[in-house]
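*Asks:* Pasting a predicted model and its sequence here:
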Amino acid sequence: MPMGEVDQSFINEVWILYAVGVVILVLRFVVRIKAVGLGGLQGDDYFSVLVLGLFTVDAAMVDLVYYAGTNVEASAVLETRTLTDDEIAEYTFGSKMELVAWYSYTALIWALKGTMLCFFRRLTDGLWQYRLVKWLMYACGASYFVVVMTVTFGCFPTQNNWQVVPDPGLQCTFKRQNFLVTVVFNVMTDAAILFVPVPLLWALQIPLRKKLVIGLLLCSGLFVITAAIIRVVLTLGAHPSALNVNRWGVRETIVGILTVNIPILRPMFSPTFWKTGQLSSAAGRGTTTTGTRTPGPLGGAKGPYEMTGGRTPPGRKSSFGGSEDAILNRNGSVAPSVKSGASGITVPVVYHVSREEHLAEQGLSRWNTSDNGPHTAYRRSGNVF
């Protein structure tokens, strides 16, 4: 490699950050398996396995590129002298590895989005935000397709990506178009994902201090957006360099891994969790006359994904899938329902139940009615927690 590109601290940083990322992901798996068992793992857990694999590939490619160099550095050398055949072969190999790193890097970033979306999908099960999460999944899939097409065809023909002599130009060496397209879709999708937890936080009936803490956990995507913007600004604003490109790429990915897994790692700091695999909760702290309850803190009694906890009120009966429904009694009171899936997320959903004659008075005859006793109709409330 050219002397200007020799920086052993870079390689040390890459593998230190890789070790930190692996520890975070392993701890995530420990928390999840202890909480729900292998059979209870969900989509975001499988995405995390993919993240670990891609993170490993990315670190390995960055290491190889550092020692082999790329056609970015070769272009600078060609301005002063010709290259030997061995140097050309080495730069060609490094350029191919850099292209692989582009695929692994973008796949890793979008796998982190998949992790968050699967987490929010469970969190919003039964709520209107569930549909939003579904559409965001489609949007992320489409945006990733655009990014892959840019990486693949931004420099064409493909072999120009690793061509050394003659110089194929900055479009095929530095690949500015890859940065711009990736950061635009990366920031746009991350910003859209942030809209999912905000309504949930607004509905939480807890002190402002705790609400801010939970908001920091669930809205950690702001840090990912900031890291992505910083990476592009500092990379494009500097002299073209594979080392600089990869240095900020690795930093961005470790920020993403850390922030995405913060909500899952929180139970580690509860002694109760390590003793029982569950979290204690000061749940069920109050019941209003309408049947809604004051939620407990993030991380309820059933696992690390719970947003609330609560007492089981009289008259509640369990239904399939782990959900529990409290049925309206004859005095017309409204009781909450708590949905609990295999993931351990618990979201109480309030059912407003009215007799058929009351529905008719309200012009709501389109509602379904039941023939079984006094429980003639029900609907889900917009209340989240």
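*Replies:* Structure's in. What do you need?
*Asks:* how close does Asn160 get to Gly53?
*Replies:* Noted for Asn160: a distance of 29 Å to Gly53, by CB to CB, to the nearest Å. Heads up, the C-betas are built off the backbone N, CA and C, glycines and all.
*Asks:* And stretch 128-135, what's buried?
*Replies:* Of all the residues in stretch 128-135, those buried under the rule 16 or more other CB atoms under 10 Å are 129, 132-133.
*Asks:* Am I right that Ala238 falls within a helix?
*Replies:* No. Counting by DSSP: H, G, I helix; E, B strand; the rest coil, Ala238 is not part of a helix but coil.
*Asks:* Skip the chain neighbours and tell me the closest residue to it.
*Replies:* Excluding the flanking residues, the one nearest Ala238 by CB to CB, 6 or more residues apart in numbering is Asn244, at 5.2 Å.
*Asks:* Isn't that neighbour up against Gly237?
*Replies:* No. Checked against CB atoms under 8 Å, the pair Asn244 and Gly237 is beyond contact range at 9.9 Å.
*Asks:* And the strands in the stretch 51-200 of the chain?
*Replies:* In order along the chain, the stretch 51-200 of the chain carries no strands (DSSP state E, counting those that start in this stretch).
*Asks:* Give the residue spans of it that score low on pLDDT.
*Replies:* Across the stretch 51-200 of the chain, nothing is flagged by pLDDT under 70.
*Asks:* Same drill for Asn244 and Gly237, tell me which one is more crowded.
*Replies:* Neighbours per residue (other CB atoms under 10 Å) separate Asn244 from Gly237, with Asn244 holding more: 20 against 8.
*Asks:* what secondary structure does that one sit in?
*Replies:* Here Asn244 is helix, with the state taken from three-state DSSP.
*Asks:* From Ile214, how far out is it?
*Replies:* Asn244 is 37 Å from Ile214, where distance means CB to CB.
*Asks:* One more: Trp15?
*Replies:* Counting by CB to CB, the gap from Trp15 to Ile214 is 34 Å.
*Asks:* Between the two, which is the more surrounded one?
*Replies:* Ile214 (21 against 13).
*Asks:* I figured Ala101 hits Ala59, correct?
*Replies:* No. Counting by CB under 8 Å, Ala101 stays clear of Ala59, with 9.4 Å between them.
*Asks:* Please identify which of those two sits among more neighbours.
*Replies:* Set Ala101 next to Ala59 and count neighbours by other CB under 10 Å: Ala101 wins out with 25 against 22.
*Asks:* Kindly list the longest helix within this structure.
*Replies:* helix 85-123 (DSSP state H).
*Asks:* Return the set of buried residues in that one.
*Replies:* Within helix 85-123, the residues that count as buried by 16+ other CB under 10 Å are 87-88, 90-99, 101-123.
*Asks:* buried sites along stretch 28-35?
*Replies:* Neighbour-count burial for stretch 28-35, counted by 16+ other CB under 10 Å, picks out 28-29, 31-32, 34-35.
*Asks:* Is it correct that Phe174 is in contact with Val72?
*Replies:* Yes. Assessed by CB under 8 Å, Phe174 is found in contact with Val72 at 5.8 Å.
*Asks:* Compare those two and say which is more crowded by neighbours.
*Replies:* Ranked by neighbour count (other CB under 10 Å), Phe174 and Val72 place Val72 first, with 25 against 21.
*Asks:* send the alpha carbons of the helix or strand Val260 falls within over as PDB?
*Replies:* According to DSSP states H and E, Val260 maps onto helix 242-265. Extracted in PDB, the C-alpha atoms of helix 242-265 (Å, rounded to 0.1, in the frame of the first residue of the first chain):
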ATOM      1  CA  ALA A 242     -10.400   3.600   1.000                       C
ATOM      2  CA  LEU A 243      -9.100   3.800   4.500                       C
ATOM      3  CA  ASN A 244     -11.200   6.800   5.300                       C
ATOM      4  CA  VAL A 245     -14.200   5.300   3.600                       C
ATOM      5  CA  ASN A 246     -13.900   2.100   5.700                       C
ATOM      6  CA  ARG A 247     -13.000   3.800   8.900                       C
ATOM      7  CA  TRP A 248     -16.200   5.700   9.000                       C
ATOM      8  CA  GLY A 249     -18.200   2.800   7.700                       C
ATOM      9  CA  VAL A 250     -17.200   0.600  10.600                       C
ATOM     10  CA  ARG A 251     -17.900   3.400  13.100                       C
ATOM     11  CA  GLU A 252     -21.400   3.800  11.600                       C
ATOM     12  CA  THR A 253     -22.200   0.100  11.800                       C
ATOM     13  CA  ILE A 254     -21.100  -0.200  15.400                       C
ATOM     14  CA  VAL A 255     -23.300   2.800  16.400                       C
ATOM     15  CA  GLY A 256     -26.200   1.000  14.600                       C
ATOM     16  CA  ILE A 257     -25.700  -2.300  16.400                       C
ATOM     17  CA  LEU A 258     -25.400  -0.600  19.700                       C
ATOM     18  CA  THR A 259     -28.500   1.600  19.400                       C
ATOM     19  CA  VAL A 260     -30.700  -1.000  17.900                       C
ATOM     20  CA  ASN A 261     -30.000  -3.500  20.700                       C
ATOM     21  CA  ILE A 262     -30.300  -1.000  23.600                       C
ATOM     22  CA  PRO A 263     -34.000  -1.800  24.300                       C
ATOM     23  CA  ILE A 264     -33.200  -5.600  24.400                       C
ATOM     24  CA  LEU A 265     -30.200  -5.300  26.600                       C
END
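*Asks:* buried ones in it?
*Replies:* By neighbour count on 16+ other CB under 10 Å, the buried set for helix 242-265 is 242-261, 263-265.
*Asks:* go on, stretch 232-242?
*Replies:* Buried residues in stretch 232-242, counted by 16+ other CB under 10 Å: 232, 235, 240-242.
*Asks:* got these as a markdown table, with distance to Gly141 and pLDDT columns?
*Replies:* Output for these, formatted as a markdown table (distance: CB to CB, whole Å; pLDDT from 0 to 100):
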| residue | distance to Gly141 | pLDDT |
| --- | --- | --- |
| Val232 | 23 | 92 |
| Thr235 | 26 | 89 |
| Pro240 | 32 | 81 |
| Ser241 | 32 | 85 |
| Ala242 | 29 | 88 |
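*Asks:* All good on my end, thank you.
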